[in-house]
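**Q** Attaching a predicted model along with its sequence, questions to come.
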Amino acid sequence: MKKAISILSIVLLCSVALASAQADKGNSPVFKVLQFNVWQEGTIVPGGYDAIVDQIIASEADFVTLSEVRNYNNTRFCDRIVSSLKEKGHTFYSFYSYDTGLLSRYPITDSTTVFPCVNDAGSVYRALIDMEGQKVALYTAHLDYRNCTYYDVKGYDGSTWKKRPPMTDIDSIMMDNVKSKRDNGIMAFLDYAEKDRSEGRIVILGGDFNEPSFQDWTKETVHMFDRNGLIIPWTVSTMLAAYGYMDTYRELFPNAVTHPGITYPSDNPLMAVSKLSWTPDADERERIDFIYYAPHRGLKLQDAVVWGLDGSVCRHQRVKDNTQDPFKVGEGIWPSDHKALLVTFSLDK
C-alpha cells in the first residue's frame, strides 16, 4: 500500500512539474522591435511628426531603432518623441543621439556612440537595456548614403544620382561600394558587439543600411528590379553573416522572389513621386532597412512584417507591391519615404 502511494505521489509530482513547464513555455516573454526611417524627423510629410508617434504606438513595439534623427532647431528629437509618447500614455526611455536614435520601453542602463556621425557618413549607437532581468544590447545604425553602388548597377550614379551607363563588372561594383563608410560602421558594430555576446547579452541591430542584401541579389532575382542579371555579394550583409548574425526577414521568408520585402522607395500619397524617388528611368526598389540578431539561448524569432503602405515607386510611377510580403500599418498618415520593419521575438528563460 505504501509503495502504491509513493508511486502515485511521484506520478502527481511529475504531472504538476510537466504542467508548470508547459505553462512557462506558453508564457514566454514576447517583445517587438521596429526599424523606422522617420524621413528627417517627420518634417517632410505634413503632419509627419505626430504620425511617427502614432505609428510607434500602433506597432506596439518595445524597442524602436530610428534613422534620420537631425535634432532640428536645437531640439533633442528623441527627448521630444519620448515626451509625446508619454502624453499618450506610453513610457519609453532614450538618450541623446544624432543621425540615428533609439527608444526602449525598458530602462536603459548605459549608452555608447559606437560609430559617430562625421561628414554625414552614417552612425551607430548602442544601448544596454534591462529587460526584466535579461540584459539586451540594442544597436541602431544609419549607414553612409554615398557610393550607394546598387544605383550604379541600375544606371544612376550612387553619389550624385545622375544617369550613367549601368555598372556591370562585379569587381568594379565591390570596389566602388567600399568607398563608402558603410563597412566601417558595421565593422565598428561587430567589434563592439563581440563583448556583448561574450558576456551573454542579447544583441539586436536595426537600421537603414543604404545597401541591399546578398540574400536578395541571387540567381532567382537577377532579372527583377533592374538588377541587370547580376548576383552581388553586398558588403554589409556579407560581413554580418560571416559573424553569425541572422537577417530576421530573410530567415522567416527565404524566398526573395515571392517576399522581396522592399522598404525603399515607399509610396506616400501625400507626396509627389519626384520627392520619393531618385531614378525616373530605373526601378530602384530594394530592401535596405533591416533587423539583425545574434543567436542566443532561448531567443526565438516569431514574426516579421513590413510596417507601412503596400505600395512603392518605380520609374516615377506609383505601383502596388504585388508580392506575398505581409504588410501592416497604423491608421492615419504615413510619415516616411521608407517602409518600416516590425519583428517579434520570444524569449524562453
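**A** Received the coordinates, thanks. Numbers count the residues shown, from 1 in each chain.
**Q** Only C-alpha atoms from now on, for both contacts and neighbour counts.
**A** Noted.
**Q** What distance do you get for residue 285 to residue 278?
**A** 11 Å (Cα to Cα, to the nearest Å).
**Q** Check residue 161 too.
**A** 7 Å.
**Q** what does residue 95 give?
**A** From residue 95 across to residue 278, the span is 33 Å (Cα to Cα).
**Q** For the two, indicate the residue with more neighbours.
**A** Taking neighbours as other Cα atoms under 10 Å, residue 95 and residue 278 compare with residue 278 leading, 22 against 17.
**Q** Now the phi/psi pair for the more buried one, please.
**A** Reported as degrees, to the nearest 10, the phi and psi values for residue 278 are phi -90, psi -10.
**Q** residues contacting it?
**A** Residue 278 makes contact with 161, 284 under the criterion Cα atoms under 8 Å, 6 or more residues apart in numbering.
**Q** same question, residue 114
**A** Counting by Cα under 8 Å, 6+ apart, residue 114 makes contact with 123, 124, 125, 126, 188, 189, 192.
**Q** That one sits in which helix or strand?
**A** In the assignment (DSSP states H and E), residue 114 maps to strand 108-115.
**Q** the inter-axis angle of the helix or strand just after that strand versus strand 108-115?
**A** Using DSSP H and E, the helix or strand that follows strand 108-115 towards the C-terminus is strand 122-131. Interaxial angle, strand 122-131 versus strand 108-115 (axes from the mean of the first three to the mean of the last three Cα atoms, to 10 degrees): 160 degrees.
**Q** Show me what strand 122-131 is packed up against.
**A** Packing partners of strand 122-131 (3 or more Cα pairs under 8 Å, 6 or more residues apart in numbering; DSSP states H and E): strand 99-104, strand 108-115, strand 134-143, helix 182-198.
**Q** go with 7 Å
**A** Applying 3 or more Cα pairs under 7 Å, 6 or more residues apart in numbering; DSSP states H and E, we find strand 122-131 packed against strand 99-104, strand 108-115, strand 134-143.
**Q** Now do the shortest one: which elements does it pack against?
**A** So the one you mean is strand 99-104. Judged by 3+ Cα pairs under 7 Å, 6+ apart, the packing partners of strand 99-104 are strand 63-69, strand 122-131, strand 134-143.
**Q** partner strands of the second one, parallel or antiparallel?
**A** By that I understand strand 122-131. For strand 122-131, the paired strands and their directions (DSSP bridges) are strand 108-115 (antiparallel), strand 134-143 (antiparallel).
**Q** Mind exporting the C-alpha coordinates of the first one to CSV?
**A** So the one you mean is strand 108-115. C-alpha atoms of strand 108-115 as CSV (Å, rounded to 0.1, in the frame of the first residue of the first chain):
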residue,chain,number,x,y,z
ILE,A,108,18.4,52.0,-20.4
THR,A,109,21.4,51.4,-18.1
ASP,A,110,24.1,52.7,-20.4
SER,A,111,24.5,54.2,-23.9
THR,A,112,27.5,54.4,-26.3
THR,A,113,28.4,56.1,-29.5
VAL,A,114,29.9,53.2,-31.5
PHE,A,115,30.4,55.0,-34.8
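**Q** so which helix or strand takes in residue 51?
**A** Using DSSP H and E, residue 51 falls in helix 48-59.
**Q** For burial, what's the neighbour tally of residue 105?
**A** There are 18 residues near residue 105, going by other Cα under 10 Å.
**Q** rewinding a little: could you dump the helices and strands packed on strand 99-104 into CSV and include mean pLDDT and distance to residue 166?
**A** CSV is the format used below for the helices and strands packed on strand 99-104 (pLDDT from 0 to 100; distance: least, Cα to Cα, whole Å):
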stretch, mean pLDDT, distance to residue 166
strand 63-69, 99, 29
strand 122-131, 98, 26
strand 134-143, 98, 23
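**Q** Could you dump the ones you listed into TSV with mean neighbour count added?
**A** Shown next, in TSV, are those (neighbours: other Cα atoms under 10 Å):
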stretch	mean neighbour count
strand 63-69	25
strand 122-131	24
strand 134-143	25
